[in-house]
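1. predicted structure and sequence below. I'll ask about it afterward.
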Number of protein chains: 2
Amino acid sequence: MDIAALRAAHPEHWMKAAAIRTLTLDAVAAANSGHSGMPIGMADVATVLFQNHLNFDPKAPLWPNRDRFILSAGHGSMLIYSLLYLTGYEEVPLEQIKNFRQMGAKTAGHPENFLLDGVEVTTGPLGQGISNSVGFAMAEEIQRARFGKKVVDHYTYVIAGDGCLMEGVSQEAIGLAGKHELSKLIVFWDNNNITIDGTVELSDKTDQVARFKASGWHVQEIDGHNPEEIDAAIVAAKKSKLPSMIACKTHIALGHAAQDTSKGHGALTNAEQLAEAKKNYGAEWAPFEIPADIKSQWESMGSRGAETRAAWEATFAGLSANKQAEFNRQLAGEAPKKLSAVIRALKKQISEEQPKVATRKASEMVLEVVNPIMPETVGGSADLTGSNNTKTGDLGIFDPENRAGRYVYYGIREHGMAAAMNGMALHGGVRPYGGTFMCFTDYARGAMRLSALMKQSVVYVMTHDSIGLGEDGPTHQPVEHLAMLRATPNTLVFRPADTVETAEAWEIALTQTETPSVLALSRQNLPTVRTDHKTKNLVANGAYVLKDAEAGKRQAIIMATGSEVEIALAARDILEAEGIGTRVVSVPCMELFDAQEETYRKKVLPAGPVRVAVEAAVRQGWDKYLLGERGREQKAGFVGMTGFGASAPADELYAKFGITAENVAEQVKALL
Amino acid sequence: MDIAALRAAHPEHWMKAAAIRTLTLDAVAAANSGHSGMPIGMADVATVLFQNHLNFDPKAPLWPNRDRFILSAGHGSMLIYSLLYLTGYEEVPLEQIKNFRQMGAKTAGHPENFLLDGVEVTTGPLGQGISNSVGFAMAEEIQRARFGKKVVDHYTYVIAGDGCLMEGVSQEAIGLAGKHELSKLIVFWDNNNITIDGTVELSDKTDQVARFKASGWHVQEIDGHNPEEIDAAIVAAKKSKLPSMIACKTHIALGHAAQDTSKGHGALTNAEQLAEAKKNYGAEWAPFEIPADIKSQWESMGSRGAETRAAWEATFAGLSANKQAEFNRQLAGEAPKKLSAVIRALKKQISEEQPKVATRKASEMVLEVVNPIMPETVGGSADLTGSNNTKTGDLGIFDPENRAGRYVYYGIREHGMAAAMNGMALHGGVRPYGGTFMCFTDYARGAMRLSALMKQSVVYVMTHDSIGLGEDGPTHQPVEHLAMLRATPNTLVFRPADTVETAEAWEIALTQTETPSVLALSRQNLPTVRTDHKTKNLVANGAYVLKDAEAGKRQAIIMATGSEVEIALAARDILEAEGIGTRVVSVPCMELFDAQEETYRKKVLPAGPVRVAVEAAVRQGWDKYLLGERGREQKAGFVGMTGFGASAPADELYAKFGITAENVAEQVKALL
C-alpha cells in the first residue's frame, strides 16, 4: 500500500483520519491491550461518514432524530471512542481515551451503551450490531409512520467486519432487512480479508456481494481508503430503495508493520513500530496529542447535526401538546397511565369467569386489551404466530406496504428476532415483544443476554414451556431453560399459573424500563387458580400464599410455578383431607421474590413446615428456598425433571416423570 | 396440481411414493398430532433417492460405509419412519407406525438417533441437521484419507426445509461446506414456499439458489415431483466436485385439501379430507395398509446396499488385523489403551515442574501428548486458535488439499462448529473437540444441547472462563454460563484448577462414549496446586480434598473451582495462621461428584464445619453443597458474582468484585 500516495491524494482528509489512527495506537499501547487494526483500517470510511453525512450533535447525544451509528465490529472500540473524543462529546474527554480499558473508565474494552450516550449499542459479540441495526431501521419506519417524516427521518449506519458476516445471526438479519426493504439501513463491510486465525480464505470463500444481493440488498464495492469513492457510495446508498451494503476494500492496520496480517487485528504495542506508523501517517505527534487545527476540523463536523437538531426541535414544538407528550412518553418507555386499570379490569373479569385456558392463550387475552392502549408495542413471532398467540386483531402487519403495521413475521429466525427487538428497544419509541417455543431460547441466547446487559426491556413470549407440550418430544421440551434464564443477571423470568397471573406478569414486564422479561407460558390448558379478585398485583411480590393451610397446624409448604400450581393445589387437597395442614405458595418470579424485604419472605416461607417444590424442570435454582440457611432446620423435597423429556401426550408424560399431585403429597408425607 | 397427470406419467414410482403419503396420513391421524405436509411433499424425492441411489441395508442399519440420510426438517419425521418401515428395518414394524408419537414408541414426534439405529441424527430444532451434515461429510473425508477409498466412500444426503435455510446456523454450515468443497454432501431443499405463518414471502425474499452459489455450492433446480428430474439431479450432484444443493419445487401436502397452504404443514386429521387425498393418490387403502406388491418393491431397494455392504466387508476383511482393529476402535469411540499412561506421565512431570500457566495453556500441553497417540481427534476453533490453544503441532490443517488434516479453522461460527462436531461424532471414526470463548457458548447452545440429548461425546474447549479475561469486559465475561451448562442434562462441566486437573479432565472427556464435556479454562496464569503426584484421577471423583485442615480442629471447608482454587488456598493460609482449621475442596466437576456414593460425598463434605464456596460466577447450582439437607445444620457462604462483570485488568476486577482470599477468610470468620 502506497501510504504516501494516499496522503498526497487527499491531504486534508488524510490528516483527519490520521487522528483516529494515532489515538487508536496510543490508547492501545497505553492499555497494553485492545484491537488496533480495525479502527486504523476503517478510519477513512468513518471520517467521510462523520464529515459529510452523519447527523449527530455532540451537545445532545440522544436527540431523537439523530442518525444512528453502530459499530458492529465492537472490538474496534477505539474507532468510536476516537470519534466521540474528536467531535467533542463531553462524556469522552481526552482523559477517557488515556484510560481506555481501565477500571471505571467509560471507554471499556468493547463499547457499552450503558456507559456512554454516544454509544448506541453494546457490541463485541460478533454479528449482534448488524442484527440490532435491522431493529433500529424497523423502529424508525414504524415511528415515522406514526409521527410523520418531519419528526422521524434518519439513517442507521453500521460498520461490520468479516466476523459479523460469518456469524449465522447476520444471515437472519440480512434476510429480514431485505424482505422489509429497509432503505435507510446502510452497512459498511470492512472487507480486509483478515480474521484472527489468518486470511478469510482459511475458513470461508463466500462472495458476500452476491450473498447480500441474493437477499434483496443494494450493494456497492469501493476502495475503503478513497474518500471520494466512500462519499459517492454513501450518496448512492441513501438514494437506494433497498437496504445498502457497501463493501469497503481496506487494509487492516494500514501503514503499520502488521498491515494486512492477522497480527494487525489485535493490540499493536511495539513502540518502534508505533513510531514508524505515525511517521507513515505524517502524524508524528506526541502520545494522545492531536494538533489543534485537526481537532477543530473534527469538532466542526457536529454543526450539521446541530443545525438539523435545531430545525427538528422547532418542528417538534409545532406539534400539538398531546402529540409531543405521546412521542416523549413512548420514547421514554413509560407505560400509559391506563395500563393498570385495564389489567385490573381484565383480572376482575377472569376471576369471575374462571376460564380454563393455556397461559399462552391467556397472554393473548392480555395483549388484546393492552395493544389497543399501547400503540408503541410491536409484536412478532419466529414463525409460530398461531402457537405463541402473539398477534392480536388490531396490530396490522409490518411490511414495505404498511409501515404502520405493528406485527412482524420474523420468519424462522429466533436469534435475529431477539437481536432486532434489542435494536428496536435501543432505538426507542417502540416496545417490542416476540415469541417462540421456550426451548428455542437456546437459539436466541446470544441476543437475550445482551437485552439484560444493555438494560433493554424487551419481552420474550416463550410458550410451550415444559414437557407439557407433549408429543413434539425432548428436542422441543425445555427442562434446563428456566434455570438458565434465572441464572442470567437483570432478567425477570415469569412463569404464571393462570390468566390472572399472566395479566399481572405482563403488567410488570410492560412497565420495566431497564430489564427484559421472559414469560414462560404453557401449551396446555390450566384452570384459573386466582378466583378471588385482588386489585393488587401479587406477581409483583414474586411469590405469595395462594392458599393457606386449613386443617389445623401448618405442617407443609408446597411451592410451584406455572402449570404445576394446579398440581400443588391438588396435592394440598390430598394432604388436607388427611389432616395435614398445607400451604401452597405460587412462585411466578423468583427474581422479584428475592428482591422483597426479609420480613415478607419469611412470612411467605416461615421456618418449620416441610417444604416441597414442584416444577416440570430441573431442580437447580430451587435449593435457596428448599434448603436451610445458616443453621435453620429445614426439611425439603423437589418434584420435577432430572433429565430430558420424551415424546408422548402431555398427561402421560407428567405421570411418567412423576410430576403428579399424588407424588407431591407422598413426598410431603415422607418428609413429615 | 394435476395429480392424475403425475400418476399417469410415472405409475410405478407414483404408487411407491403413495405408500409414504398414506402411512403419513394414517399415522398423524391416529396420533392426532404431527406434521403431514412435508413427508407428503417430499415423498417423490425420497422414493427416487432410496430406489436408485442411497446405499443402505435394513439388515445392518449401522454398517460403516452406508450412505447417510439426514432429515434436517425433522418435524417431517413420518417420512423417515415410513421409509424405515417400508424398506424393512426390523426396528420399525408396522406397530411402531401405529404408535407414532405415543409413550414408549421409537417413532417419536421428532426422529431421535438414540431410539432408532436408522435415524442418523436427532432433528427438529431447525437448521441443525443440515449443519450436522457438514460434520458428517468432513468426517467421511478425514476417515477416507486415513483408511482409503475402498473402506470409506459414501455420500451424505440431507432434506432441508425453508426453516432450516432461514436459521442462521445454516449460513455457517453452508459457508463451511463451500470452503471445504465437501463434494459428497448433497442437500435437497424442500422448496414448497410455505412456513407455519404463511408463505415464505411473509418473512423472506432470499434467492436461495444465488445464496448457495455465493458460498461455492453446485446448485440445480428441479420439479420435486418428477422422478426423472430428481434422478438426473442426483446423478449430476454425485459427479460435482462441490457440495450440491438441489432445489426441489414441491407442493406441501400434495393432493390433500390443505395442499400449498400453511395448514398443510401441521397435522391433517380430517377423515373426509384424508379419504379424498387417498383417492387422489389412487391409494384407497385401509389405514396403515400397504399392498404387498408395493411393500415388496420397497423391500427390494435395500438389496443394492446389501450387496455394497457385502463387497465392503470382503474388502475390510482384507485389511491387516491392526488396521481393522484401529478402524473399529475409532468407530466405537474407544480411547487407546495408552491414554492413561500418557496422562499419568504428564501429571507426574507437572507435579514436579509446577508450571504457572493458564489452564487454556495446560489444555494445549495435554493435547500435545494426546493428539499423537489418538489419531481420531479432530481439533478446531471458531477463529480463536491462538487464544483457545487448540492446535498442536502435528495435526495438519483440514482443507480440500489436505483431507488428512486434523485441525479445522471453523471461522467465526460457534454454532456451526458445534453442529459440525455433532455431525462428526455421529458419523463416527473421529473424535471432535473445538474451542471458543466460554461466553460464546451462548451462540452454540442450540447444538450443545443436542450433543447431550444425542449422547455424543464432543469436547468443548471453552477458554476465558470468567472475569479473569479482564479488559474485554462484560460482553466477553461469562458469569451465568457455568450454571447454565451444569443445568443441562448429560453434560460434564469441568473447571480444572491447574495443569494436573486439566490433564485429568481431558482424560475423562476423551473416554466418554455417551456424554459431551465442557472444559472451562482460564485465560490467566494459575499456579500448580496438585504438587503431590497421584496416579489416580482425582477429577473423576468430581470433588476431593485438596488440602486438609492442620491447625487443630477443622472448623471450615472452602470449596472452589478453577482459577478460584488458588484463592481458596490463600484464604486457608490466612485462616490457619489464625488457628482456624480449614479444608480446601477442589470441585472440578459437580456432575461427577453428585454421582459418587454418599459415603464419599460425606467424607469430602462432612457435616459440622462452616462452608464457603468461591467461584467467579453466579451462585446458582452451589446451594446443594452449601445449604443443609433434611434438617442438618449448616452454615454457609458464597463468594462470587451477582451481576455482569466490567472492563479492567483481571486482578483489579477480582478485587472490585470481592473475589479475594481476604474476603473468603472474612466470610468464614463471620460464619464461625
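-> Structure received. Here the structure is a predicted model, which means the values were calculated and not measured.

2. switch to C-alpha atoms for all contacts and neighbour counts from now on
-> Fine.

3. give me the phi and psi angles of the residue nearest to residue A:479 when sequence neighbours are not counted.
-> Spatial nearest neighbour of residue A:479, chain neighbours left out: residue A:617 (4.3 Å); criterion: CA to CA, 6 or more residues apart in numbering or on different chains. Torsion angles at residue A:617 (phi, psi; degrees, to the nearest 10) stand at phi -160, psi 180.

4. before we move on, what about residue A:395?
-> phi -70, psi -40.

5. so it versus residue A:576, what's the distance?
-> According to CA to CA, to the nearest Å, residue A:395 and residue A:576 sit 47 Å apart.

6. what do you get for residue A:231?
-> Counting by CA to CA - residue A:231 and residue A:576 are separated by 77 Å.

7. same check on residue A:159?
-> 64 Å.

8. residue A:510 should be in a strand, yeah?
-> No: counting by DSSP: H, G, I helix; E, B strand; the rest coil, residue A:510 is located in no strand; its state is helix.

9. that one: how many residues sit nearby?
-> 25 (other CA atoms under 10 Å in any protein chain shown).

10. nearest residue to it other than its sequence neighbours?
-> Counting by CA to CA, 6+ apart, the residue nearest residue A:510 is residue A:335, at 6.6 Å.

11. quick check, that neighbour in contact with residue A:511.
-> Yes: using CA atoms under 8 Å, residue A:335 is in contact with residue A:511, at 5.6 Å.

12. how close does the residue nearest to residue A:362 when sequence neighbours are not counted sit to residue A:471?
-> Counting by CA to CA, 6+ apart, residue A:499 is the residue found nearest to residue A:362 once chain neighbours are left out, at 4.9 Å. According to CA to CA, residue A:499 stands 24 Å off from residue A:471.

13. who has more neighbours out of these two?
-> The neighbour count for residue A:499 versus residue A:471, taken as other CA under 10 Å, is higher for residue A:499 (31 against 26).

14. which residues are in contact with the more buried one?
-> Contacts of residue A:499 were listed using CA atoms under 8 Å, 6 or more residues apart in numbering or on different chains, and they are A:347, A:350, A:355, A:357, A:359, A:362-363, A:528.

15. residue A:130 too?
-> Counted by CA under 8 Å, 6+ apart, residue A:130 has contacts A:70, A:72, A:158-160, A:164, A:170, A:173, A:187.

16. from those residues, which single one is nearest chain B?
-> residue A:170 (7.0 Å; CA to the nearest CA).

17. and that closest one, what element?
-> Secondary structure assignment for residue A:170, by DSSP states H and E: helix A:168-179.

18. can you give the contact residues for that helix?
-> So helix A:168-179 is in contact with A:127-128, A:130-131, A:134, A:164-165, A:212, A:215-217, A:242-243, A:410, A:413, A:415-416, A:420, B:166-172, B:201, B:203-206, B:413, B:415, going by CA under 8 Å, 6+ apart.

19. if we use 7 Å, what do you get?
-> By CA atoms under 7 Å, 6 or more residues apart in numbering or on different chains, the residues outside helix A:168-179 that reach it are A:127, A:130-131, A:134, A:164, A:212, A:215-217, A:243, A:413, A:415-416, B:166-169, B:171-172, B:203-206.

20. give me the neighbour count for residue A:309.
-> Neighbour tally, residue A:309, other CA under 10 Å: 20.

21. surely it is within a helix?
-> Yes: counting by three-state DSSP, residue A:309 is part of a helix.

22. how close does it sit to residue A:118?
-> For residue A:309, the distance to residue A:118 - CA to CA - is 16 Å.

23. hmm, residue A:495 and residue A:588 touching each other?
-> Yes: if you go by CA atoms under 7 Å, residue A:588 and residue A:495 touch, sitting 4.9 Å apart.

24. between these two, what contacts are shared?
-> Contacts common to residue A:588 and residue A:495, judged by CA under 7 Å, 6+ apart, are A:561-562.

25. helix/strand/coil for residue A:429?
-> coil.

26. can you list phi and psi of it for me?
-> Residue torsions, per degrees, to the nearest 10, at residue A:429 are phi 90, psi -20.

27. same deal with residue A:409?
-> Dihedral angles (degrees, to the nearest 10) for residue A:409: phi -80, psi 100.

28. contacting residues for the nearest residue to residue A:223 once chain neighbours are set aside?
-> In space, not counting the residues next to it along the chain, residue A:223 is nearest to residue A:249; the distance is 4.9 Å by CA to CA, 6+ apart. Contact analysis of residue A:249 by CA under 7 Å, 6+ apart lists A:190-192, A:222-224.

29. kindly recompute the last result at 10 Å.
-> A:41-42, A:189-193, A:221-226 (CA atoms under 10 Å, 6 or more residues apart in numbering or on different chains).

30. in the sheet, who's paired with it?
-> Here residue A:249 sits in beta bridges with residue A:191, residue A:223, going by DSSP bridges.

31. now it: how far from chain B?
-> 18 Å (CA to the nearest CA, to the nearest Å).

32. any idea how far that residue lies from residue B:468?
-> 36 Å.

33. close to chain B, is stretch A:388-404?
-> Yes: applying CA under 10 Å from any CA of the partner chain, one finds that stretch A:388-404 is in contact with chain B at A:397-399.

34. buried set for the helix or strand hosting residue A:339?
-> Counting by DSSP H and E, the element that carries residue A:339 is helix A:338-353. For helix A:338-353, a neighbour-count test (16 or more other CA atoms under 10 Å in any protein chain shown) marks A:339-340, A:342-344, A:346-348, A:350-351 as buried.

35. give the other helices and strands that the helix or strand that that helix is followed by contacts.
-> Downstream of helix A:338-353, the first helix or strand assigned by DSSP H and E is helix A:359-370. When contacts are defined as 3 or more CA pairs under 10 Å, 6 or more residues apart in numbering or on different chains; DSSP states H and E, helix A:359-370 packs onto helix A:338-353, strand A:377-381, helix A:385-388, strand A:459-463, helix A:499-511, strand A:517-521.

36. surely residue A:582 is within a strand?
-> Yes: counting by three-state DSSP, residue A:582 is part of a strand.

37. what sits against it?
-> A:547-558, A:568-569, A:571-576, A:609-611, A:665, A:668.

38. let's see it at 7 Å
-> A:548-549, A:554-557, A:572, A:575-576.

39. for it, list each beta-bridge partner.
-> Per DSSP bridges, the residues bridged to residue A:582 are residue A:556.

40. for residue A:639, give me phi and psi.
-> phi -120, psi 110.

41. what about residue A:110, how many neighbours?
-> By other CA under 10 Å, the residues close to residue A:110 number 30.

42. and what of residue A:608?
-> A total of 14 residues lie near residue A:608 under the criterion other CA under 10 Å.

43. repeat that for residue A:374.
-> Residue A:374, neighbours per other CA under 10 Å, totals 18.

44. any idea how far chain B is from the closest residue in space to it that isn't next to it in sequence?
-> Counting by CA to CA, 6+ apart, residue A:336 is the residue found nearest to residue A:374 once chain neighbours are left out, at 6.9 Å. Distance, residue A:336 to chain B, using CA to the nearest CA: 30 Å.

45. please, which helix or strand holds residue A:188?
-> strand A:185-191.

46. picking up where we left off before, quick check: mean pLDDT across the helix holding residue A:170?
-> Across helix A:168-179, pLDDT averages out at 98.

47. now that helix: how far from the chain's centre is it?
-> Offset of helix A:168-179 from its chain centre (CA atoms, centre = their mean, to the nearest Å): 16 Å.

48. tell me what angle it forms with helix B:168-179.
-> Angle of helix A:168-179 versus helix B:168-179, following axes from the mean of the first three to the mean of the last three CA atoms, to 10 degrees, is 110 degrees.

49. can you pull the contacts of residue A:621?
-> Contacts of residue A:621 by CA under 7 Å, 6+ apart are A:483, B:620-621.

50. for the residues you listed, which one is nearest residue A:258?
-> Lowest distance from residue A:258 to the contacts of residue A:621 (CA to CA) belongs to residue B:620, with 44.2 Å.

51. the closest one belongs to a strand?
-> No: Residue B:620: not assigned to a strand; according to three-state DSSP it is coil.
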